[in-house]
Structures are given as structure tokens and as C-alpha cells.
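*Asks:* Need a 3D model of the following:
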Amino acid sequence: MPIKIPEGLPARKLLKKEKIFIMDEDRARTQDIRPLNIAILNLMPEKEKTELHLLRLLGNTPLQVNITFLHTATHVSKNVSKSHLDTFYNTFEEIKNRRFDGMIITGAPIEHLHFEDVNYWKELVDIMEWTKTNVTSVFHICWGAQAALYHHYGIDKDELPKKCSGIFAHTVLDPTVELVRGFEDVFNAPHSRYTEVSLEEIKNHPNLRVLAVSDEAGVFLLKSTDNKHIMVTGHLEYDATTLAEEYERDLAKGLDIDIPKNYFPNDDVNKAPLNTWRSHTHLLFSNWLNYYVYQETPFQWE
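*Replies:* This next block holds a predicted model:
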């Protein structure tokens with residue numbers, strides 16, 4: 001089934017080229033079904049790349065999905081034009097009286113800051129509080145997952161001695177959970193972060209459940225016991241080349257950075273990396289939309 005996105009969004013042409021089913025406004029209005037309304041709070045600096053990553057996944061399910069992009073009003077993004085934000089994005093103030101079936105809160109490259117030192121933290125807290133009553137299920141990615149653990153469950157992040165970057169193997173702890181239905185027992189996923197969360201603290205929290213872990217990268221996938229919050233500490237949504245682009249950007253900044261682990265063939269940066277996590281990425285987002293959004297959200301919000 002299709003994904004409905006704004007006319008003129010730059011990602012639209014690329015999605016069509018990839019044969020992702022995109023529905024026009026007129027056709028969407030004639031569909032005699034209840035589409036899912038998904039909000040995406042895009043905190044990443046390169047917003048257009050993140051749009052493409054996520055829309056590619058949300059458009060590959062049997063459900064019609066309407067997308068609303070959000071940006072923070074209390075932080076001015078330096079890597080996307082004001083016209084792009086004005087055309088395709090809303091602020092929280094503009095949508096706070098609406099209800100959404102699902103929401104995605106992305107990561108952000110601000111792990112060196114304590115949560116309260118982030119200039120849009122209060123706004124994000126207001127949004128996370130609002131999701132308790134206005135969103136059926138929230139999907140948190142990387143720093144967004146750490147922010148959710150801190151705000152909702154009081155679990156802080158810890159600094160790593162060096163950046164965790166690369167492709168790591170993860171073990172599924174319980175394959176009967178709907179979110180990992182169809183997963184291999186061991187699967188690959190990208191990580192790109194300077195901080196981590198404690199496996200022990202999460203395991204000991206009565207309202208959290210760990211679903212997949214890595215011996216090298218730690219906790220990867222977890223959820224709340226009420227299925228309200230899905231948290232992914234890595235970046236399954238990344239393209240094959242995203243870690244390479246981040247590595248080159250870090251080098252250009254003069255950072256003392258290691259080559260991403262298990263990523264370039266034979267650790268040769270001149271060889272194109274392979275995407276070994278694509279199928280599990282599609283499966284994770286499809287499972288979330290099906291089991292935690294579509295089957296749980298009310299047909300008509302009161």
C-alpha cells in the first residue's frame with residue numbers, strides 16, 4: 001500500500017525511482033479506508049537524508065500512511081533551508097491538538113550534552129508528555145531512544161571511551177515478541193554514537209523489556225511493557241553509505257576517529273560497503289506499524 005507525502009518533497013522523486021508506492025492527494029481522499037497518521041519529529045541535522053531513509057521504510061508496508069513532519073521551534077537547523085521547513089514541516093504548537101496513530105522521534109548528534117543542556121530539551125519533554133495521550137505508539141531512534149529512557153524511565157546515558165561506529169551482530173532474546181517476528185536469531189545493524197545505556201538498569205526496570213543485544217555494541221532493541229515506546233539505540237534506517245559519509249565528515253573535522261568496525265570490505269575505505277541489514281530494517285518497521293500501531297490504535301479517536 002502507498003505512503004502519502006507532501007507534493008514537492010525532494011525525497012519524492014527518489015522514492016518513485018525506487019518504485020516505492022506514493023499516493024497523490026486526490027487519490028488518497030477517495031480511498032475508503034482509515035489511513036494511519038504518523039508524525040516524524042526529525043531532529044537530525046541533514047533532514048532531507050533522514051526523510052528519505054524513513055519514508056522508504058514506511059512506504060513498504062500493506063498500510064496507507066499519512067506523514068506529518070515536525071521540527072523544533074526552539075532550535076534553528078543550520079543544514080536545511082528555512083523554505084524547506086516552512087513548506088514541509090510543522091511545529092509542535094501547530095499539531096498539538098491532533099491525535100496520531102504513531103510517531104517517530106529521530107536521533108540527534110548531541111550526545112556530548114547532558115539532556116537538560118540541549119537547547120530544545122523543554123520542547124522535547126513537552127512533546128514526549130503529549131505522546132502519552134495523543135499517540136498510540138512511539139518509535140525512538142538512537143539519541144531519541146536515550147532521551148525517552150531518561151525522561152520516561154529515569155535511565156541516563158553513559159559516555160563511551162570512543163565512538164561506537166560500525167556494523168555489529170545482535171542476538172534476538174525472544175523471537176515470539178511481535179516486534180522481532182520473522183527476524184533471524186542473529187542479525188546485523190549499524191551503530192553510530194558516543195554514549196550507551198546500561199543493560200542492567202534496563203533489565204531491572206519493571207516497565208522495560210530488552211529484545212536484542214550485541215556483545216560488542218550492547219543494548220540495541222527494547223520496548224516498554226505496555227508497547228507504548230519502541231527504542232532502538234542504533235540506526236537500522238541507514239543507507240549502505242551513511243556510516244562512510246559520517247566517517248569522512250569526522251575526519252574532515254580533525255577528530256581522532258577509528259574506521260567503522262565490520263563495515264568496509266577488508267577494512268579498505270576505497271571499497272564500497274555492503275548493506276547487510278536492509279531486510280531486518282524493513283521487517284522492524286513493518287512489524288511496528290502492524291502490531292503496535294495499526295492493530296492497537298482506535299479506528300476513531302475520541
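
*Asks:* wait, is M44 part of a helix?
*Replies:* No. M44: not assigned to a helix; according to DSSP: H, G, I helix; E, B strand; the rest coil it is coil.

*Asks:* Grab the nearest non-local neighbour of it.
*Replies:* Closest residue to M44 apart from its sequence neighbours, by C-beta to C-beta, 6 or more residues apart in numbering: T50 at 4.2 Å. Yep, even glycine has a C-beta here, placed from its N, CA and C like the rest.

*Asks:* For stretch 287-302, buried residues please.
*Replies:* Residues of stretch 287-302 classed as buried: N287, W288, L289, N290, Y291, Y292, V293, Y294, T297 (neighbour count, 16 or more other C-beta atoms under 10 Å).

*Asks:* quick one on the thing from earlier: quick one: which helix or strand includes the residue nearest to M44?
*Replies:* Assigned by DSSP states H and E, T50 belongs to helix 47-58.

*Asks:* just checking, what packs against that helix?
*Replies:* Helices and strands touching helix 47-58, by 3 or more C-beta pairs under 8 Å, 6 or more residues apart in numbering; DSSP states H and E, are helix 11-17, strand 36-41, strand 65-70, helix 82-88, helix 278-287.

*Asks:* Please tell me how far the last one is from the chain's geometric centre.
*Replies:* What it means is helix 278-287. Relative to its parent chain, helix 278-287 has a centroid offset of 12 Å by C-alpha atoms, centre = their mean, to the nearest Å.

*Asks:* hmm, who's touching it?
*Replies:* Outside helix 278-287, the residues that touch it by C-beta atoms under 8 Å, 6 or more residues apart in numbering are 57-58, 60-61, 139, 178-184, 187-189, 221, 232, 236-237.

*Asks:* Let me know whether the residue nearest to M44 touches A108 as I believe.
*Replies:* No. If you go by C-beta atoms under 8 Å, T50 and A108 don't touch, sitting 10.3 Å apart.

*Asks:* No more questions from me, cheers.
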